[in-house]
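Asks: Provided below for reference: sequence and predicted model.
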Amino acid sequence: MLLSLFFLGTWPALLTLLERRGRFPQHSYLDYTFTNLLAAIIIAFTFGEIGTSSKGSPNFLPQLSQEVTGSSRGNNLLQKCRDNWPSVLFAMAGGVVLSIGNLTTQYAWAFVGLSVTEVVSSSITVVIGTTLNYYLDDKINKAEILFPGVGCFLIAVCLGSAVHASNAADNKAKLDSYSDDSKVGIRVNSITNSKQAYTDRGIISWNLKIEIFGKSAIIGLALTFFAGVCFSLFSPAFNLATNDQWHTLKDGVPHLSVYTAFFYFSISCFVIAMILNLVFLYHPVFNAPKSSLKAYLNDWNGRGWALLAGLLCGFGNGLQFMGGQAAGYAAADAVQVSRLCFDQST
């Protein structure tokens, strides 16, 4: 879990750094998506194959194929997949909400900045996610230790929102002090219609536009709260996939291992991220600059950092889930604090 703290605290800062340097968020997230899935595959084929596979506790490959030791020849693959599908769906649902949350934050960063986005969304994640996992884990973690920390995160949500409201007021006061000529020089049309804005500083100029002329406080905080809710649901969904607290599996059907569940989780996360980011290339939201698949393929500026961010996030999530299976998912949700600590320096 210590490694997970470091990994999950670092990757958002890397993507934000690229965005500030003018790289399209869609380009960075497409790169991130590939290596995020690669991390899940590496974990599955390494950690998931350690130890002896058995019918009650299969390794990754036997469980993936549903051909565990001791199974009768009459049990065909289709029937076994049907027996296992509730847990698979829970794992994939977790990947879907994580992917949507990640995509939402890329626009929230532009509206309210990295610090506010991570403070508020991570705090919501801990407050809701930890509470849900505490009851799903049958209260195995000590409430007197767990929930005072959750209360601190709840306070952080309020303070983070207040800080942004204060900053927005300061920015408005500074803008009012500009001359009319200065205001005209940074208006939407003069930014977004400029070839220089699209090529060299397209996304940075777009950020400047929405911070000054858009309803950034309302839209940005709404996106941040939505992302926080999405992030708070993926860990409980994964918990249900591996431990079947709702008893959706038939008797005798083994629970999904952490590695198999993480594989399905990452597959769904990958598919959703690919679809939405490819759509956003040609149809960006909030009047952001357009891009194309060709432009993405030719954009090597900062690609290595985006690929590294995907690996860090993938390994961070995998280690968090492994820690959750060992120590309780409510306690493992505490790794989200890393996003508050690491990202404040960016």
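Replies: Looks like it arrived, so ask away.

Asks: which secondary structure element contains W246?
Replies: Under DSSP states H and E, no helix or strand contains W246.

Asks: what's the neighbour count on it?
Replies: The number of residues packed near W246 is 10, by other CB atoms under 10 Å. All C-beta atoms are positioned from the backbone trio N, CA, C, and that covers glycine.

Asks: Return the backbone torsion pair for it.
Replies: The phi/psi pair for W246 (degrees, to the nearest 10) reads phi -90, psi 0.

Asks: ok, the closest residue to it other than its chain neighbours - contacts?
Replies: Ranked by CB to CB, 6 or more residues apart in numbering and with sequence neighbours excluded, the top spatial neighbour of W246 is L240, at 6.3 Å. The contact partners of L240, taken as CB atoms under 8 Å, 6 or more residues apart in numbering, are 87, 90, 136, 246.

Asks: With D138 instead?
Replies: Contacts of D138 (CB under 8 Å, 6+ apart): Q245.

Asks: quick one: low-confidence parts of the stretch 101-250 of the chain?
Replies: 141-147, 149-150, 153-154, 156-158, 160-216 (pLDDT under 70).

Asks: again, only using 80
Replies: Along the stretch 101-250 of the chain, the parts satisfying pLDDT under 80 run over 109-116, 118-119, 138-217.

Asks: for P58, helix, strand, or coil?
Replies: Following DSSP: H, G, I helix; E, B strand; the rest coil, we place P58 in the coil state.

Asks: got it, and G22?
Replies: What three-state DSSP gives for G22 is coil.

Asks: Over to G318?
Replies: helix.

Asks: That one: what's its closest spatial neighbour, skipping adjacent residues?
Replies: I43 (4.4 Å).

Asks: per-residue pLDDT, the one you found?
Replies: As summarised for this prediction, I43 has a pLDDT of 96.

Asks: What of E67?
Replies: pLDDT, E67: 41.

Asks: I'd like the next helix or strand past the longest helix along the chain.
Replies: In the chain, taking DSSP state H as the definition, the longest helix is helix 77-124. The helix or strand immediately downstream of helix 77-124 is helix 130-136, counting by DSSP H and E.

Asks: buried sites along that next one?
Replies: 130-134, 136 (16 or more other CB atoms under 10 Å).

Asks: K139 in helix, strand or coil?
Replies: Following three-state DSSP, K139 is assigned to coil.

Asks: can you count the residues close to it?
Replies: K139 has 12 nearby residues by other CB under 10 Å.

Asks: Over to it: give its phi and psi.
Replies: phi 60, psi 40.

Asks: V285 too?
Replies: Per degrees, to the nearest 10, the backbone of V285 is at phi -90, psi 160.

Asks: that older thread, so the residue nearest to G318 makes contact with A261?
Replies: No. I43 is beyond contact range of A261, at 11.2 Å (criterion: CB atoms under 8 Å).

Asks: contacting residues for A227?
Replies: A227 neighbours (CB under 8 Å, 6+ apart): 101-102, 104-105, 108, 117, 121.

Asks: Could you measure from the residue lying closest to T117 once chain neighbours are set aside over to S122?
Replies: Excluding its sequence neighbours, the residue lying closest to T117 (CB to CB, 6+ apart) is A108, at 4.5 Å. To S122, A108 is 12 Å away according to CB to CB, to the nearest Å.
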